[in-house]
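Asks: Fold the following.
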Amino acid sequence: MQIEDVLIAPGNGAFFYDDQEAIRSGAIQDGFIYVGAPTTPGFKSIRIPASSLSVGLVLADDTVVWGDMMNVQYSGAGGRDPLFNINQISKLTSRVVAPRLLDVDACHFRDSCTKLFEPVEHQRLPLAVEYGVSQALLRAAAHLQHKTMAEIICAEFDLPLPTCRVPIYCQSGDARELNVDKMILKAVDVLPHGLINSRAKFGVDGQSFIEFVKWVATRTREIGRSGYQPVLHFDVYGWIGLEIGLEPQRIADFICRVAAAVPGFTLNIECPADFGSTQAQIDNYARIVSILDDRDSSARIVVDERCNTLEDIRLFAEAKAAHLVQIKTPDVGSIADTARAVLICKANKVGAYVGGSCTETDLSAQASVHVSVATQADMMLAKPGMGVDEGFSIVGNEQNRLLAMLNRRRAQVEKIG
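Replies: Below you'll find the predicted structure:
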C-alpha cells in the first residue's frame, strides 16, 4: 500500500466559530467580540477562534500530502455538526482513521473514501474528518498518478477536462463598505455576501437591508470598470422570515421589492428564512421559488440552512426548492460528495455553488477549487477568511494555475493525436 504513515498537526482556521443562536437573539458586538452568554452547546463564548486539524499521509516515496479538518463558522446551527473539538477529533483520527488509511489503495480516490468512511459503531464519522481526510486522499491520488486533483475528479466521475473558469464569489464580513470597494475594484464575479446576521443589520421591515443593496448597486456603477456587471448575492441568515414572517407569499413579495430596487442586476438571496426542519424548508422554499419564477423575477433563492449533507442536497434539488444550492463543503463531508452534489444539482437543472466557510484553510480552499472546476460548478466561494484579498487570491490563483496546466495537458493530447 502507498500510505506508510499518518501525521496529525493542530492548526488554525482562517476566522472564528460563532454562536449563531446567541447572535440572532440579540448579542451585542463590542469591537470584535460579542458580549453575553453563549446558547449553542459546546461554545464557551459567543465567538471562538477557529481551530483546524491537519492530517498528513506519508507516501512510499516519502512525499507527505495533507488535508485539513474543520467545521463551519456557525457550527451546531441549522442541523450542522457540533462545534469542532480538536482533542476529540485528534483522538478519533488516531484510533479509527489512521489504521484504515494504512490499508487502502491511495491510487483510487473514490474507493479509498468509501472504505475509509464506513460508520463506527453504527455512527457516521464526523463530517470534518471526512472533509479533511478526503482532501489528503485526493492529493495522494493526484501525486501517485502525476495528475492534478481536478483530473482525478474528472477521471473518476467520467467528466471531460474542463476549459472554462468558475465564477468566484467573495464575502465581506462586517467591514461591508470597505470590502465592497475591494471587490468592485478587483472585478469579483459575485458579491458581497454582506453578513446580514442581526436585526440591526436587517432593519425594521428590512429597510436597512434594502438600502445596503441599493448602495452596493450604486457603488458598482460609480467605481466599477466599464461593462462590469457582477451578480449581487446577499446572505440574510433567515432574517426575512424573522422580520417579515414565514408566509412564502410575503417573503416572495419582499424579495421582489428588493430586486426591483436594483434593476439590471441578478439578485441572489441566500437563506431568506429558516422554517425549522429540512422538510419544512424544502416545502416552503419550493413555494417561494415557484412564485418568483411565475413573476419572471431577476431574484434567485439560495439554500444554505437545513441543506447540509449530500442527501439533503439531493432532496432540495429534486424538489426545485432553490435556484442555487450552496454545497457547504465541511458540512457535506467527503470532498467526493461535493463533486457528487454538483452533479446532482446539474442533473436537476439547479445551480450548484461550491461554498464552505471563512473558517477553512488554504489547503481546503485549493482542493475545493479543483472539484469546482472539474465539475464546472456555477460559482465557488473565495475562501478562507473574511478579508476578500486573501481568499480571492488563494482561490483565483489556484484556478488560473489549474487551467494553465489543463490547457497544456490538452495540447499534449492533441499533439499526440
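Asks: Poorly predicted segments of the stretch 1-150 of the chain, please.
Replies: The stretch 1-150 of the chain contains residues with pLDDT under 70 at 1.
Asks: check contacts around Ala319.
Replies: Ile282, Asp283, Ala286 (CB atoms under 8 Å, 6 or more residues apart in numbering). (Glycine included, C-beta is placed from N, CA and C.)
Asks: out of these, which are buried?
Replies: Ile282, Ala286 (16 or more other CB atoms under 10 Å).
Asks: In helices, which of the contacts of Ala319 appear?
Replies: Ile282, Asp283, Ala286 (DSSP state H).
Asks: Pick out whichever of those sits closest to Ile210.
Replies: The closest of these to Ile210 turns out to be Ala286 (CB to CB; 25.1 Å).
Asks: quick one: the helices in the stretch 251-400 of the chain?
Replies: For the stretch 251-400 of the chain, helices defined by DSSP state H, counting those that start in this stretch occupy the ranges 278-294, 310-318, 329-332, 335-347, 362-375, 389-416.
Asks: most packed of those?
Replies: Comparing the helices of the stretch 251-400 of the chain by mean neighbour count (mean count of other CB atoms under 10 Å), helix 329-332 ranks first with a mean of 29.
Asks: for that one, the distance to its chain's centre please.
Replies: 7 Å (CA atoms, centre = their mean, to the nearest Å).
Asks: And stretch 244-257, by the same measure?
Replies: On CA atoms, centre = their mean, the centre of stretch 244-257 falls 26 Å from the chain's centre.
Asks: again with stretch 145-159
Replies: 21 Å.
Asks: got the end-to-end distance for it?
Replies: Start and end residues of stretch 145-159 are separated by 17 Å (CA to CA, to the nearest Å).
Asks: neighbouring contacts of that stretch?
Replies: By CB under 8 Å, 6+ apart, stretch 145-159 touches 107-110, 138-139, 141-142, 160-162, 336, 339-340, 343, 367, 370-371, 373-375, 402, 405-406, 409.
Asks: for stretch 299-307, same thing?
Replies: 77-79, 233, 235, 238, 255-256, 258-259, 266-272, 274-275, 277-278, 281, 285, 288-289, 292, 312-313, 316, 321-326, 328, 351, 353, 355.
Asks: Could you do stretch 71-83 as well?
Replies: 15-21, 40-43, 48, 50, 84, 126-128, 274, 278, 304-306, 308, 328, 330-331, 356-359.
Asks: just to revisit the earlier point, of all the helices of the stretch 251-400 of the chain, which one comes closest to Val133?
Replies: Of all the helices of the stretch 251-400 of the chain, helix 335-347 comes closest under CB to CB, at 9.3 Å.
Asks: how about the CA coordinates for that closest one, as CSV?
Replies: Taking Å, rounded to 0.1, in the frame of the first residue of the first chain, the C-alpha atoms of helix 335-347 are listed here in CSV:
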residue,chain,number,x,y,z
ILE,A,335,-15.0,16.1,-0.9
ALA,A,336,-16.1,13.3,-3.2
ASP,A,337,-19.6,14.1,-2.1
THR,A,338,-19.0,17.7,-3.0
ALA,A,339,-18.4,16.5,-6.6
ARG,A,340,-21.5,14.3,-6.4
ALA,A,341,-23.5,17.2,-5.1
VAL,A,342,-22.6,19.4,-8.0
LEU,A,343,-23.5,16.7,-10.5
ILE,A,344,-26.9,16.1,-8.7
CYS,A,345,-27.7,19.8,-9.0
LYS,A,346,-26.8,19.8,-12.7
ALA,A,347,-28.9,16.7,-13.4
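Asks: what's it packed up against?
Replies: Judged by 3 or more CB pairs under 8 Å, 6 or more residues apart in numbering; DSSP states H and E, the packing partners of helix 335-347 are helix 109-116, helix 127-145, helix 310-318, strand 324-327, helix 329-332, strand 351-354, helix 362-375.
Asks: Just put those in TSV and tack on distance to Asn71.
Replies: Shown next, in TSV, are the helices and strands packed on helix 335-347 (distance: least, CB to CB, whole Å):
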stretch	distance to Asn71
helix 109-116	19
helix 127-145	5
helix 310-318	16
strand 324-327	15
helix 329-332	6
strand 351-354	17
helix 362-375	11
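Asks: Of all the ones you listed, which one is nearest Gly194?
Replies: strand 324-327 (14.8 Å).
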